[in-house]
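Participant: return atomic coordinates for the entry below.
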Amino acid sequence: MRGQRIGFLSITATASTEGSRTVVRSAWAGLAAGCLHTLAGADHLAALTPLTIGRSTAKASLLGALWGFGHSTGQLLLGLLMVVLKDRFERLVPTLSKWGGTTVGLTLLAIGALGIWECISDARRRGSTPEGDLHVAEANLGDIQQKDDRSFLLYVTGIVYGLQPDALFVIIPALALPSKLAAVAYILLFVFGTVAAMGGYTAVIGATSDAIRRTNSGLTTSLSGLASGVAIVVGCCILLSGWGVALPLTAAA
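Facilitator: Below is the predicted model of the structure:
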């Protein structure tokens, strides 16, 4: 009897250890998936770059993290919808793919257009302020404070970006894990990876552009205009691909 009890405890301990390892592996997998999915999306980077150029490192990082949290919120909502609807969800995928891509494309166009408009306004102020860079710097500070009021809009934009069918490729692994604890660990670390990756990316953008702005504010404006132009190009490509237009790169592939 004692030998059987010891054997049972040994089996239980082994199972517990293996379960703990599964949870740890799932957590690392979620962290990697969150980081890679966020930074590998050209539309993600194109959307946030124009909005964070010229900010301080802390503000840029916080806004990037807020966008990342909104992105994860959208993905989790899509995953919940998939679980609730089950078989019927497959019918929604083509619609989500088409209209989701259209929404992202239009959002990028709006971000790019807004960024270019702000660059034009900044250039006009620069040309009409003979007193020098002090007035331009004060005007830029006012623009930055005005942009910071759009934090809720950034969060909503992140949610829109998360409601895309490609989010299922990072949600489905959580549903296939052997235990609920492992699935929870995967999802939590995926959210953390998404927030950390985008917060880190925008922190780099903010620190670099802020350092440039201190010595050459005109170059910062030019970089912001360039980033806004890239956002418009990426938005147009997404819209054209969603409408079934063959792009040169796609045709060549």
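Participant: how far away is residue 39 from residue 124?
Facilitator: Separation of residue 39 from residue 124 (C-beta to C-beta, to the nearest Å): 35 Å. From N, CA and C alone the C-beta is placed, and that goes for glycine too.
Participant: when those two are compared, which one has more neighbours?
Facilitator: Taking other C-beta atoms under 10 Å, residue 39 and residue 124 do not tie; residue 39 has more neighbours (15 against 10).
Participant: show me what contacts the more buried one?
Facilitator: By C-beta atoms under 8 Å, 6 or more residues apart in numbering, the contact list for residue 39 reads 45, 197, 198, 201.
Participant: closest to residue 80 out of these?
Facilitator: Taking C-beta to C-beta as the measure, residue 80 sits nearest to residue 198 out of the contacts of residue 39, at 21.8 Å.
Participant: name the element residue 172 belongs to?
Facilitator: helix 168-176 (DSSP states H and E).
Participant: and that helix, what does it pack against?
Facilitator: With contacts defined as 3 or more C-beta pairs under 8 Å, 6 or more residues apart in numbering; DSSP states H and E, helix 168-176 has these neighbours: helix 2-39, helix 57-85, helix 180-215.
Participant: give me the neighbour count for residue 42.
Facilitator: The number of residues packed near residue 42 is 12, by other C-beta under 10 Å.
Participant: for residue 38, give me its contacts.
Facilitator: Each residue near residue 38 by C-beta under 8 Å, 6+ apart is listed here: 44, 68, 71, 193, 194, 197, 198, 201.
Participant: pretty sure the first one contacts residue 161?
Facilitator: I take that to be residue 44. Yes - under the criterion of C-beta atoms under 8 Å, residue 44 is in contact with residue 161, at a separation of 6.7 Å.
Participant: mutual contacts of those two, please.
Facilitator: Listed contacts common to residue 44 and residue 161 are residue 71; contacts here mean C-beta under 8 Å, 6+ apart.
Participant: centre of the chain versus the helix holding residue 172, how much separation?
Facilitator: Here helix 168-176 shows a centroid-to-chain-centroid distance of 18 Å under the convention C-alpha atoms, centre = their mean, to the nearest Å.
Participant: got a list of contacts for it?
Facilitator: Under the contact criterion C-beta under 8 Å, 6+ apart, helix 168-176 has outside partners 26, 29-30, 33-34, 37, 75-76, 78-79, 82-83, 183, 186-187, 190.
Participant: buried residues of it, list them for me.
Facilitator: When neighbours are counted by 16 or more other C-beta atoms under 10 Å, the buried residues of helix 168-176 are found to be 168, 170, 171, 173, 174.
Participant: tell me what angle that helix forms with helix 180-215.
Facilitator: Regarding helix 168-176 and helix 180-215, their directions subtend 150 degrees when assessed with axes from the mean of the first three to the mean of the last three C-alpha atoms, to 10 degrees.
Participant: next, the angle helix 57-85 makes with helix 168-176.
Facilitator: With the same axes, to 10 degrees defining the directions, helix 168-176 sits at 60 degrees from helix 57-85.
Participant: average pLDDT for helix 168-176?
Facilitator: When pLDDT is averaged over helix 168-176, the result is 73.
Participant: format the helices and strands packed on helix 168-176 as JSON lines; extra columns: mean pLDDT.
Facilitator: Conversion of these to JSON lines gives the following (pLDDT from 0 to 100):
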{"stretch": "helix 2-39", "mean pLDDT": "68"}
{"stretch": "helix 57-85", "mean pLDDT": "85"}
{"stretch": "helix 180-215", "mean pLDDT": "88"}
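Participant: who wins for proximity to residue 227 among those?
Facilitator: Nearest of these to residue 227, taken as C-beta to C-beta: helix 180-215 at 8.7 Å.
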